[in-house]
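Novice: below is the sequence, then the predicted model.
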Amino acid sequence: MIEEMTWDTFADRYCETQQETPSGLVRRLREQIDVYRPDGFFLAEAQLLDSSWFGTVVILPYGPRNTFNAVPNRPFSPRGLASDTSVAIGYITADEVPGDAP
């Protein structure tokens, strides 16, 4: 089962592996909410042990107007490469991103 996260857990998990701050992440996700109107965002982690992508975490939007209509429950490739096969590890709804409501 994919974990529904709090904003703090979601932001901390992403920012610990990126050159990003929680406030910078809020700005980027708010921009995506304004443009794409996702239902929420999910964290995905590359899990192939023999890949240079191993452990890489990405955030992707989900919702009816996005590539992913829902949080995927099976492995997928965010970049279209077999070497970055990833799985969703957690999600938040768009309402959980701090700031104005979508």
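Specialist: Perfect, thanks for sending it. In this text the structure is predicted, and so the values were computed from the model without any measurement.
Novice: now do the same contact list for Ile2.
Specialist: 42, 71, 73, 88-91 (CB atoms under 8 Å, 6 or more residues apart in numbering). In short, each C-beta sits where N, CA and C put it, glycine included.
Novice: at 10 Å instead, please
Specialist: Taking CB atoms under 10 Å, 6 or more residues apart in numbering, we find Ile2 in contact with 42-44, 71-73, 87-91.
Novice: can I get those residues in CSV including distance to Gln19 and pLDDT?
Specialist: What follows is the contacts of Ile2, written out as CSV (distance: CB to CB, whole Å; pLDDT from 0 to 100):
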residue, distance to Gln19, pLDDT
Phe42, 21, 97
Leu43, 17, 96
Ala44, 18, 93
Val71, 25, 96
Pro72, 26, 95
Asn73, 30, 94
Val87, 23, 90
Ala88, 23, 95
Ile89, 20, 95
Gly90, 20, 96
Tyr91, 23, 98
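Novice: between those, which is closest to Ala11?
Specialist: The closest of the contacts of Ile2 to Ala11 turns out to be Leu43 (CB to CB; 10.0 Å).
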